[in-house]
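Student: This is a predicted model, with the sequence first.
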Number of protein chains: 2
Amino acid sequence: MHAGTEQLDGIFQALADPTRRAILTRLGGGPTAVGELAKPFDMALPSFMKHIAALEQSGLIRTAKSGRVRTCTLEPSTFALVDGWLNAQRRIWTGRTDRLEAFVTKDSK
Amino acid sequence: MHAGTEQLDGIFQALADPTRRAILTRLGGGPTAVGELAKPFDMALPSFMKHIAALEQSGLIRTAKSGRVRTCTLEPSTFALVDGWLNAQRRIWTGRTDRLEAFVTKDSK
DNA sequence: CCAATGCTTTGCCTTCTGGCTAACTATCAA
DNA sequence: TTGATAGTTAGCCAGAAGGCAAAGCATTGG
């Protein structure tokens, strides 16, 4: 459940685009077909598909085709990787803060 | 304290690079001079400075120059914006899950 | 079977990224 | 004051990113 640095590259890259974040938000409401997802965006389909591809490659969504319709689904476990990295960072600074606090407090014991 | 979509672009973009994430991790141990920070990386200084600039522009770090030394410091509040976005997303799906659960359960009332 | 629908593939274009070298500026130390 | 140190500025480059239009290929509805 620990994210490789390479996977984080892809995930953060995928998140670094407003269109893609909007797609994720939309998918929060449940699985949706590509065509349906694309409607709100003023963008040619091939361009839109690149965003879908980026999201899928990063693992943030899964997609499956049934007949001629491709449906996209959120993959929450990948979000957890981001969360994990964030928490790991925080553990580093709070660790330091704790040591700092210990240092500051140590003459009162 | 709510992140504009534009700021998130920059933040995620900044995080989408292993060098920059490594810098952040290093800064978790406390403020550090650019030269010191740069040592572990096999990269020319101007290239390295671009990473510093990206991190500073995104708000993930602050930097200040004293004499000829520029020192970098983590800016934890910016990490909170990422966390905020992540939680907002989760609120969306868990909201849906709750409603789904309510639906599934509603005939038992 | 034919047309419409829903993606896919191809190929092209512009801008942004991340790297470099070389030359420059501004301290600090002797 | 002169040399070493710590960044900075300028300019170049290759490759990735994000957009497009046009043509292609399977379903599906009639």
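Tutor: Structure's in. What do you need? Numbering: from 1, shown residues only, chains lettered A, B, ... in the order given.

Student: Only C-alpha atoms from now on, for both contacts and neighbour counts.
Tutor: Fine.

Student: Flag every residue of chain A that's near DNA strand D.
Tutor: A:16-17, A:19, A:42-48, A:51, A:66-68 (Cα under 7 Å from any atom of the strand).

Student: which of these tops the neighbour count?
Tutor: Highest neighbour count within those, by other Cα atoms under 10 Å in any protein chain shown: A:Ala16, with 23 neighbours.

Student: Secondary structure element for the residue nearest the centre of chain A, which one?
Tutor: Centroid-nearest residue in chain A, with Cα atoms, centre = their mean: A:Phe79, separated by 4.6 Å. Assigned by DSSP states H and E, A:Phe79 belongs to helix A:76-105.

Student: For chain A, name the helix or strand with the lowest mean pLDDT.
Tutor: Using mean pLDDT, DSSP states H and E, the weakest-scoring helix or strand in chain A turns out to be helix A:76-105, at a mean of 82.

Student: how far away is A:Phe48 from B:Leu86?
Tutor: As judged by Cα to Cα, to the nearest Å, A:Phe48 and B:Leu86 stand 23 Å apart.

Student: is stretch A:24-31 anywhere near chain B?
Tutor: Yes - if you take Cα under 8 Å from any Cα of the partner chain as the test, stretch A:24-31 does meet chain B, through A:25, A:28-30.

Student: which one of these sits closest to DNA strand D?
Tutor: A:Thr25 (16.6 Å; Cα to the nearest atom of the strand).

Student: What is the burial count for the closest one?
Tutor: When neighbours are counted by other Cα under 10 Å, A:Thr25 comes out with 17.

Student: next one: A:Arg91
Tutor: Neighbours of A:Arg91 (other Cα under 10 Å): 13.

Student: now the helices: where do they sit in chain A?
Tutor: Along chain A, the stretches classed as helices by DSSP state H are A:5-15, A:18-27, A:34-38, A:45-58, A:76-105.

Student: Mind checking if the fourth one is in reach of DNA strand C?
Tutor: Yes - Helix A:45-58 reaches DNA strand C (Cα under 7 Å from any atom of the strand) through A:45-46, A:49.
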